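Student: turn this into a structure:
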Amino acid sequence: MNSREELEKSVRQENVRGFGTLSDALADLDGSLFAGPSHSAREHFEVVSVVAYLTGVPKRIFDNEHEPPMPEIYERLERDKSARIIRDLCYLRNSIEQNFKRICDAINREYKSITSVPELVPQRHIERLGRDGIDFYSDRKDPNQYLISINRTLKARIDNCKGLFPHWLKWEYVKSIFIMPDGLTVNGIKAAAAEYYANKPYYPYGVYLNWPAEDQGNILFNDKKFVTLLYGWNEDEFREFSYVQDVNEDTKNNIYDFLDRSEKTVFMVDCENSDPYALCAAIRNLDADKLGKIEKIVLYDDVHAAAAWDILKNYVQIPIEYIKIERLKDNKSLADIKLTAGTCREYYENHVDSFVLASSDSDYWGLIESISDARFLVMVEHRKFSPAMRDALAKKDIFYCYIDDFYTGNSEEIKTAALLRETDRYFDARCRISLDELMDEILVTTRIAMTPTERRQFMDRYLRQIEAGIDENGVLLLRAKRK
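Tutor: Now for the predicted structure:
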């Protein structure tokens with residue numbers, strides 16, 4: 001059987017469970033990745049909206065409900081000075097590029113300046129830059145100098161907008177689209193203008209970008225398309241698609257339908273076989289009202305736990321019971337046995353009729369078969385989910401979905417919290433220093449006698465304000481503060 005036939009068979013099986021249509025999958029197989037919006041996933045537009053704002057895409061595009069850029073992002077960035085400066089500079093650069101000949105005529109024949117041709121260069125952006133402390137004016141007789149001044153300011157200030165983009169997106173790739181190649185010379189500006197005019201229909205909404213211009217449709221069509229192209233322009237490949245799209249609505253509706261038909265639901269999590277960040281993202285991307293039918297989430301974990309599980313309760317609104325399990329043998333976890341026993345107890349003692357099971361472990365098939373009257377919904381991960389388990393669930397008509405298909409672009413918060421908490425734990429374990437013990441030791445070493453008052457004054461002045469630094473090898477250095 002060839003790959004296309006295999007794909008057709010696989011999609012026909014999985015489409016019953018809300019995974020997208022055969023035509024969607026075949027379109028991808030045939031290489032039509034950007035032929036139009038996919039029905040197999042809900043697209044996101046956060047990244048392209050920020051890019052559209054910064055590059056000077058007109059506001060009317062944001063206001064058009066049929067265009068990708070999101071008006072709420074426009075309004076948010078209007079309140080951000082760094083973003084506003086870049087937008088105004090790009091808007092002016094676009095206006096000069098698009099009206100260059102007419103501007104030259106106005107300057108050379110009518111003795112006007114760039115500030116006196118509002119029909120060609122919108123004055124609002126010049127005035128707003130002035131209020132934000134940016135003056136890019138230069139030789140009024142040569143419009144190329146205006147572009148050089150704009151390019152210079154853009155290059156100096158674009159890094160101020162790094163924080164507007166998610167950490168998983170390579171900033172050097174994003175930054176490059178704002179920088180005109182050799183844009184501080186007249187020759188560089190002329191080369192960029194020639195490229196722009198030769199391929200103007202391909203530039204998104206007519207705004208200037210530094211990219212290998214070609215017919216790719218609207219490169220700001222959605223985050224997935226833009227980021228995939230962006231990485232390709234830099235001879236790289238983007239693979240983390242859960243950062244730029246969400247699962248399809250059919251998958252979510254199947255989950256909601258499962259919950260609606262349940263009398264009493266408990267969410268059982270095998271922490272050793274689930275990704276805490278992907279699971280958290282999946283839960284946060286589901287309707288909170290629908291999830292209200294879940295009585296609790298029970299986490300079964302080995303004592304050697306991922307930090308994120310312990311703080312999951314801060315990011316979901318469902319009660320959480322966290323069970324950490326000691327090992328009898330170092331090489332044998334008991335989490336799966338405890339989860340199985342806990343599920344049976346919930347079913348027989350607490351009369352729970354429905355379970356959401358988060359695990360890719362095929363060992364739980366025995367549990368599912370043992371309490372066949374219970375209803376199960378299984379959440380798995382692509383890389384851990386075996387074909388045997390998939391086929392077994394399909395035969396029993398048990399719905400499953402992939403947690404790593406849910407949108408994870410909003411998971412930075414929990415990841416950062418987990419990293420910071422572990423950083424604090426590390427410092428706490430290795431850097432607990434008693435200032436009194438330190439003072440005792442340095443007085444003995446230096447053979448200096450101090451009165452209690454002198455000792456206290458020295459500690460207050462120098463030791464309670466420790467200076468920290470990092471050397472060239474990334475080693476943390478501490479020293480007493482110097483006055």
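
Student: tell me which helix or strand comes right after the helix or strand containing D289.
Tutor: Assessed by DSSP states H and E, D289 sits inside helix 288-291. Scanning forward in sequence from helix 288-291 by DSSP H and E, the next helix or strand is strand 294-302.

Student: helices or strands up against whatever helix or strand comes next after that following strand?
Tutor: Toward the C-terminal end, the helix or strand that comes next after strand 294-302 (DSSP H and E) is helix 307-311. When contacts are defined as 3 or more CB pairs under 8 Å, 6 or more residues apart in numbering; DSSP states H and E, helix 307-311 sits against helix 276-284, helix 412-430. Quick note: C-beta positions are derived from backbone N, CA and C, even for glycine.

Student: I114 is nearest to which of those?
Tutor: Distance to I114, taken as CB to CB, is lowest for helix 412-430 among those, at 40.8 Å.

Student: got the buried residues for the helix or strand just after the closest one?
Tutor: Toward the C-terminus, helix 412-430 is succeeded by helix 435-446 as the next helix or strand (DSSP H and E). Residues of helix 435-446 classed as buried by neighbour count (16 or more other CB atoms under 10 Å): M439.

Student: not counting sequence-adjacent ones, nearest residue to the residue nearest in space to the middle of the chain?
Tutor: The geometric centre of the chain, computed from its C-alpha atoms, lies nearest to G409 (CA atoms, centre = their mean), at 3.2 Å. The spatially closest residue to G409, leaving aside those adjacent along the chain, is Y243, at 4.8 Å (CB to CB, 6 or more residues apart in numbering).

Student: go ahead and confirm the one you found touches K170.
Tutor: No - because the distance of 11.9 Å does not satisfy CB atoms under 8 Å, Y243 is recorded as not touching K170.

Student: pLDDT of the helix holding D289, averaged?
Tutor: Helix 288-291 shows a mean pLDDT of 92.

Student: show residues contacting it.
Tutor: The contact list for helix 288-291 (CB atoms under 8 Å, 6 or more residues apart in numbering) reads 255-256, 259-260, 283, 317-318.

Student: among these, show me the least confident.
Tutor: Scanning those for pLDDT, the smallest score is found at Q317, 88.

Student: show me the contacts for G409.
Tutor: Residues 44, 46, 166, 168, 223, 242-244 are the ones in contact with G409 under the rule CB under 8 Å, 6+ apart.

Student: in space, what's closest to Y364 - neighbours in sequence excluded?
Tutor: L357 (6.3 Å).

Student: swap in V51?
Tutor: What sits nearest to V51 in space, not counting adjacent residues and going by CB to CB, 6+ apart, is L220, at 6.4 Å.

Student: helix or strand: which one has that neighbour?
Tutor: In this structure, L220 is located outside every helix and strand according to DSSP H and E.

Student: quick check: pLDDT value at it.
Tutor: On the pLDDT scale, L220 gets 97.

Student: T251 and N199, how far apart?
Tutor: Spatial separation of T251 from N199 under the definition CB to CB, to the nearest Å is 39 Å.

Student: which residues touch stretch 76-94?
Tutor: Contacts to stretch 76-94, defined as CB under 8 Å, 6+ apart, come from residues 50, 53-56, 121-122, 125-126, 128-129, 132, 134, 136, 146-147, 150-151, 153-154, 157-158, 160-161, 164, 178, 180, 206-208.

Student: and if we set it to 7 Å?
Tutor: Stretch 76-94 is touched from outside by 50, 53-56, 121-122, 125-126, 128-129, 132, 134, 147, 150, 153-154, 157-158, 160-161, 164, 207-208, with contacts defined as CB atoms under 7 Å, 6 or more residues apart in numbering.

Student: buried subset of those?
Tutor: Of the members of the contacts of stretch 76-94, the ones counted as buried by neighbours, 16+ other CB under 10 Å, are 50, 53-56, 121-122, 125-126, 128-129, 134, 147, 150, 153-154, 158, 161, 164, 207-208.

Student: just to be sure, which of these are found in strands?
Tutor: Among the buried ones among the contacts of stretch 76-94, no member falls in strands (DSSP state E).

Student: so which of those residues sit within helices?
Tutor: The members of the buried ones among the contacts of stretch 76-94 that map onto helices under DSSP state H are 50, 53-54, 125-126, 128-129, 147, 150, 153-154.

Student: alright, calling it a day.
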